[in-house]
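Undergrad: Structural data only, the sequence is not supplied:
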């Protein structure tokens, strides 16, 4: 396995309560300041200076399944509602940082690929090539209805949509402009070369896009492509498209199986298996002694909203358990997606042969948390690296406190152990993969380079155009 340093992603959401629900109430927490641009620029500047490699925004824009028949609990607890658009922060965050990558989540449901590609190219320019896109398909019925659909599509149908969506974006980013298309020669009066700009003339099941792309090539052309799908269809999509894959494996052995399998699938698509970097989600509680770390971890639970954690997990599975006591056995919830995995996980962790909703919530809030001294945690990170993991997606309890604790109490040890890079400069792609600023030739998007040579802007129009506007 590669002995390159791990990269570190500060995992956030443009909302008050992201994963550890209830912690926004802690006196030191600033999570509730998400409506403030100054809050986000301060967070970005701090994690950039501390040595994090990127700031990664999760996103949702739909209501989960009801809880006790309505959405009162989610709204009162601020459980991923309200959520602001993370993409509008990117320019401001770039302006106050020097090296920090900025990655945000955007669903195929929420924007047309022509407009989305334009926004991303613009932001890649303004971030000097520090931009990434976390590709999601969405499954929430409320999301689909809010965008004019009758309801959600099947899982595989959503991925079929995603394949066309990314291919439209690839054609615009990689094929619409040749290198050297932007000339900007003042003496000759030539700003761009029309022979090097092309329409893509895409026609597919869902989209018809003529083009050309209306932004000149940015430092990375295509932003760094992330994905987090854990299903079979999601894994195949990652193997073909993703450069960064966010995972949440329960232990290094499971991560090794997942990373090895996904890289083998990537090779079947003609890609180099090492063109994919995996980031494991972990949270940390650090002490000068192991006993201190355990005590501090117990203190974290003071503000924890266990019902909110259960709502998050079970709501994603479409289960309304809001009318039930937390001590209700999971087995009484009936059959639902993931029930066997949930029950087994909760039983193993709690020692309770008949695990309850409370057991499940405690398991979920503490999942993938590493508690110990800096040296103990570094030992554990060595194991994750040996399992094929390239980076760590750092979960937070409080913002900015959790990220500050990791930077102050863990990063110095990681630097001594070669587990964190010291050079943070360059584009996000170069920083994460060490293989240059642009997508490698083996990536499927590269097939569109030079593919539209017959459609350059020296060609006339095929039919009359309307009056100038």
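TA: Received, thanks. What you see is a predicted model; the values in this text were computed from it and never measured.
Undergrad: residue ranges with poor pLDDT in the stretch 351-469 of the chain?
TA: 460-469 (pLDDT under 70).
Undergrad: which residues in it form strands?
TA: Under the criterion DSSP state E, counting those that start in this stretch, strands of the stretch 351-469 of the chain are mapped to 369-372, 391-394.
Undergrad: Point out the most buried one among those strands.
TA: strand 391-394 (a mean of 24; mean count of other C-beta atoms under 10 Å). All C-beta spots, glycine's among them, are computed from the backbone N, C-alpha and C.
Undergrad: Which strands border that strand, and is each parallel or antiparallel?
TA: strand 7-13 (parallel), strand 277-286 (parallel) (DSSP bridges).
Undergrad: Which one, of those, ends up nearest to residue 129?
TA: strand 7-13 (15.8 Å; C-beta to C-beta).
Undergrad: now for the helix or strand that that closest one is followed by, which elements pack on it?
TA: Downstream of strand 7-13, the next assigned helix or strand under DSSP states H and E is helix 37-50. Under the contact definition 3 or more C-beta pairs under 8 Å, 6 or more residues apart in numbering; DSSP states H and E, helix 37-50 sits against strand 7-13, strand 54-58, helix 90-95, helix 401-409.
Undergrad: And what about the most centrally placed residue in the chain, helix, strand or coil?
TA: The residue lying closest to the centre of the chain (C-alpha atoms, centre = their mean) is residue 134, at 4.2 Å. Assigned by DSSP: H, G, I helix; E, B strand; the rest coil, the conformation of residue 134 is strand.
Undergrad: I figured it hits residue 226, correct?
TA: Yes. Counting by C-beta atoms under 8 Å, residue 134 touches residue 226, with 4.2 Å between them.
Undergrad: Give me the common contacts of these two.
TA: Contact criterion C-beta atoms under 8 Å, 6 or more residues apart in numbering; residues shared by residue 134 and residue 226: 56, 103, 246.
Undergrad: So which of those residues sits lowest on pLDDT?
TA: Across the shared contacts of residue 134 and residue 226, the smallest pLDDT goes to residue 246, namely 95.
Undergrad: the domain parsing of this structure - what is it?
TA: Using automatic domain parsing, the domain ranges for the chain come out as 7-287+373-455, 294-372.
Undergrad: Go ahead and measure how far the longest one is from the middle of the chain.
TA: Spelled out, it's domain 7-287+373-455. 4 Å (C-alpha atoms, centre = their mean, to the nearest Å).
Undergrad: Now do the end-to-end distance for it.
TA: 41 Å (C-alpha to C-alpha, to the nearest Å).
Undergrad: Now tell me which of the domains of the chain the model trusts least on average.
TA: Sorting the domains of the chain by mean pLDDT places domain 294-372 lowest, at a mean of 80.
Undergrad: Now do the SS call for residue 121.
TA: helix.
Undergrad: For residue 295, see how far away the closest residue to residue 405 other than its chain neighbours is.
TA: The spatial neighbour of residue 405 that comes closest, neighbours along the chain excluded (C-beta to C-beta, 6 or more residues apart in numbering), is residue 286 at 6.1 Å. Distance, residue 286 to residue 295, by C-beta to C-beta, to the nearest Å: 12 Å.
Undergrad: between these two, who's got more neighbours?
TA: residue 286 (21 against 13; other C-beta atoms under 10 Å).
Undergrad: got the contact list for stretch 181-190?
TA: Residues outside stretch 181-190 that contact it (C-beta under 8 Å, 6+ apart) are 191-193, 196-197, 216-217.
Undergrad: Please read the previous query as pertaining to stretch 398-416.
TA: 6, 8, 10, 12, 23-24, 26, 28-31, 42-43, 46-47, 50-52, 283-284, 286, 374-375, 377-378, 381, 394-396, 420, 422.
Undergrad: My read is that residue 71 contacts residue 65, right?
TA: No. Using C-beta under 8 Å, residue 71 is not in contact with residue 65, being 9.3 Å away.
Undergrad: That'll do, ta.
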